[in-house]
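Visitor: what follows is a predicted structure for the sequence shown.
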Amino acid sequence: MQRKALIITIVNLLIIISCGKVKKAPEPLHTHHSPPTLRMKKYFTQGDPLQVLKGTSKNPLSFLKESELGKFQGFILAAISNFQEKSPILLQDSITTGNEPHGNKKQNKIIDNEVYSFKKFTEGDSVYYALFSPTATMRLDFKVTNGLLQLISVKDGDREYAISEIHHYSLKADGNAFSFLFHFYDEFDNKILSSLSFSKDAAQLIIKPSLNHYNFIFRNDKKIRWREEVVELNICMADNHLAEYVRNIADDSMKLWTFRIPQQDFRVKKLDTFPPFSDLNAHCFYTVDNYLIEEQVEYSVPMMTIITPLHSKNKILDADIFIWESEYLKFNYSNDFFRNLKTLEMYHSPTISHEIGHFLGLDHKFDGTKSLMSYLNKDCVTPYRWKPNSIPYLCQYDVDAIRDLYEF
């Protein structure tokens, strides 16, 4: 029987840049991805999906005060991300790559501009609220406790799923976006970790489209990027020694890109305590000791960038980078391959620089153009890349694309 669950998908409003690699002799990790489209995408964690939250500081206290609900009326659903558990798999003798993973393909419903509002109803002495849109099948139900709204269930059409645990409530500092992180079980007893993000419906920001053939996230004719004056990428790792090494590499990689766009201040900072990926105020670089796999087990996804855009403002609302450490076992690397600090710079500097390109708003470039954003990006790494301290650099396409995106 095919397992199904409530919207086990990455919807078209959430950009997932997943990067994989073919199994062969150890070498610097180059990447590929599945271009963001309107198709449904299923992502599974091998084992308990709550491992994605390991080491994070969660906030289960709701910010939704019944007396202040007027602040949260008329928000649009910005993003949905779901991770579902799956049984362990056998490692494959060969792991292949391609621009498009195989598997069942379904057309996903476009949910852009679905406006959600809270509506009050009572049942006996209890007071409830529903967060819903007249044009959507999904609805969230809340129970009022001590003046605060607590999420208790999610409805999808005629099916209702009780929330097993709320892990994190997040309200963006400016009050213009919020998110919920929770898990529940579907009708087949599959555990689902789900994040829902909502943003204020704002007037459309008109941006002059690029006249060049640059690949930006979501659509090439929309310049969705960071628009804050200061943006921080936080290193969110429990292993302080590893975190410091990754911070140094990420800092160098960020400067590699942002040297070309000096009008904005991009910083890399290590956090001692950090929230889960659903938090809208912290943009994190995580390591997770758990598998993340595609629909077909022969595909490996060792690194991934999740980007949540606010379309009406052509801006990035949130972005996080993940390294899935155990994915390296598929290449017959040792358990501590990623944590070996001597190999970290040798094998991961180009890949981390590539992921930060995604973090800034660039998509892959798979048409043969020399680019750090291509899968085989050897032309953008120094000839000594096989040795420790290999240093990636930007090709001319990368320089031109990032400057065009940030209009510098």
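Guide: That came through, no problem. Numbering: from 1, shown residues only.

Visitor: Trp120: neighbour count?
Guide: If you look again at residue 120, you'll see it is Lys, not Trp. Lys120 has 12 neighbouring residues, counting by other Cβ atoms under 10 Å. The C-beta positions use only the backbone N, C-alpha and C, and glycine is treated the same way.

Visitor: what bridges to it?
Guide: Tyr129 (DSSP bridges).

Visitor: gap between it and Met373?
Guide: 48 Å (Cβ to Cβ, to the nearest Å).

Visitor: next one: Phe118
Guide: 41 Å.

Visitor: neighbour count for these two, which is higher?
Guide: Between Phe118 and Met373, counting by other Cβ under 10 Å, Met373 is the more crowded of the two (27 against 19).

Visitor: surely Ala173 is in contact with Glu228?
Guide: No - the pair Ala173 / Glu228 is not scored as a contact, 10.5 Å apart, by Cβ atoms under 8 Å.

Visitor: buried set for stretch 166-175?
Guide: Ile166, His167, His168, Tyr169, Ser170, Leu171, Lys172 (16 or more other Cβ atoms under 10 Å).

Visitor: show residues contacting it.
Guide: 53, 56, 58-64, 71, 150-151, 177-183, 275-276, 278-281, 317 (Cβ atoms under 8 Å, 6 or more residues apart in numbering).

Visitor: same thing with stretch 46-63?
Guide: Contacts for stretch 46-63 (Cβ under 8 Å, 6+ apart): 45, 83-89, 148-151, 165-171, 178, 181, 183, 191-193, 236-238, 273-277, 288-293, 326.

Visitor: same thing with stretch 143-160?
Guide: Residues contacting stretch 143-160 (Cβ under 8 Å, 6+ apart): 6-7, 61-62, 64-67, 69, 118, 126-129, 137-142, 161-163, 166, 180, 182, 184, 187, 194.

Visitor: so which of these belong to strands?
Guide: Among the contacts of stretch 143-160, the residues falling in strands (DSSP state E) are 118, 126-129, 138-142, 161-163, 166, 180, 182, 184, 194.

Visitor: report the buried members of these.
Guide: 118, 128-129, 138-142, 161, 163, 166, 180, 182, 184, 194.

Visitor: list the contacts of Ser179.
Guide: So Ser179 contacts His168, Tyr169, Ser170, Ser195, Leu196, Ser197, Phe198, Ser278, Asp279, Leu280 (Cβ under 8 Å, 6+ apart).

Visitor: is it possible to get CSV of those that adds secondary structure, pLDDT and distance to Ala78?
Guide: As requested, these are arranged in CSV below (DSSP: H, G, I helix; E, B strand; the rest coil; pLDDT from 0 to 100; distance: Cβ to Cβ, whole Å):
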residue, secondary structure, pLDDT, distance to Ala78
His168, strand, 98, 16
Tyr169, strand, 98, 16
Ser170, strand, 98, 12
Ser195, strand, 94, 11
Leu196, strand, 94, 9
Ser197, strand, 93, 5
Phe198, strand, 93, 6
Ser278, coil, 96, 12
Asp279, coil, 97, 14
Leu280, coil, 96, 9
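
Visitor: and which of those residues is nearest His213?
Guide: Ser197 (30.7 Å; Cβ to Cβ).

Visitor: I'd guessed the closest one sits against Phe277; true?
Guide: No - using Cβ under 8 Å as the test, Ser197 is too far from Phe277 to be in contact (10.7 Å).

Visitor: quick check: Leu276 is in a helix.
Guide: In this structure residue 276 is Pro, not Leu. No - assessed with DSSP: H, G, I helix; E, B strand; the rest coil, Pro276 is coil; it does not lie in a helix.

Visitor: angles on the backbone of it, please.
Guide: When quoted as degrees, to the nearest 10, the phi and psi of Pro276 stand at phi -70, psi 170.

Visitor: can you pull the contacts of it?
Guide: So Pro276 contacts Val52, Leu53, Thr56, Lys58, His167, His168, Leu181 (Cβ under 8 Å, 6+ apart).

Visitor: so how far is Cys395 from it?
Guide: From Pro276 to Cys395 the distance is 35 Å (Cβ to Cβ).

Visitor: same question, Asp272
Guide: Asp272 is 36 Å from Cys395, by Cβ to Cβ.

Visitor: in terms of packing, which of the two has more residues around it?
Guide: Cys395 (20 against 9).

Visitor: the more buried one is in contact with Asp379, isn't it?
Guide: Yes - Cys395 is within contact range of Asp379, at 6.2 Å (criterion: Cβ under 8 Å).

Visitor: joint contacts of those two?
Guide: Lys370, Ser371.

Visitor: could you pull out the helices for this protein?
Guide: Ranges of helices within the chain are 240-258, 341-360, 396-405, based on DSSP state H.

Visitor: so what does the last one touch, helix or strand wise?
Guide: In terms of contacts (3 or more Cβ pairs under 8 Å, 6 or more residues apart in numbering; DSSP states H and E), helix 396-405 is packed against helix 341-360.

Visitor: quick check: mean pLDDT of the helix it packs on?
Guide: Helix 341-360 shows an average pLDDT of 81 in the prediction.

Visitor: would you turn the contacts of Ser179 into JSON lines with distance to Phe366?
Guide: Below are the contacts of Ser179 laid out as JSON lines (distance: Cβ to Cβ, whole Å):
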{"residue": "His168", "distance to Phe366": "35"}
{"residue": "Tyr169", "distance to Phe366": "39"}
{"residue": "Ser170", "distance to Phe366": "34"}
{"residue": "Ser195", "distance to Phe366": "29"}
{"residue": "Leu196", "distance to Phe366": "31"}
{"residue": "Ser197", "distance to Phe366": "29"}
{"residue": "Phe198", "distance to Phe366": "33"}
{"residue": "Ser278", "distance to Phe366": "30"}
{"residue": "Asp279", "distance to Phe366": "32"}
{"residue": "Leu280", "distance to Phe366": "31"}
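
Visitor: all good on my end, thank you.
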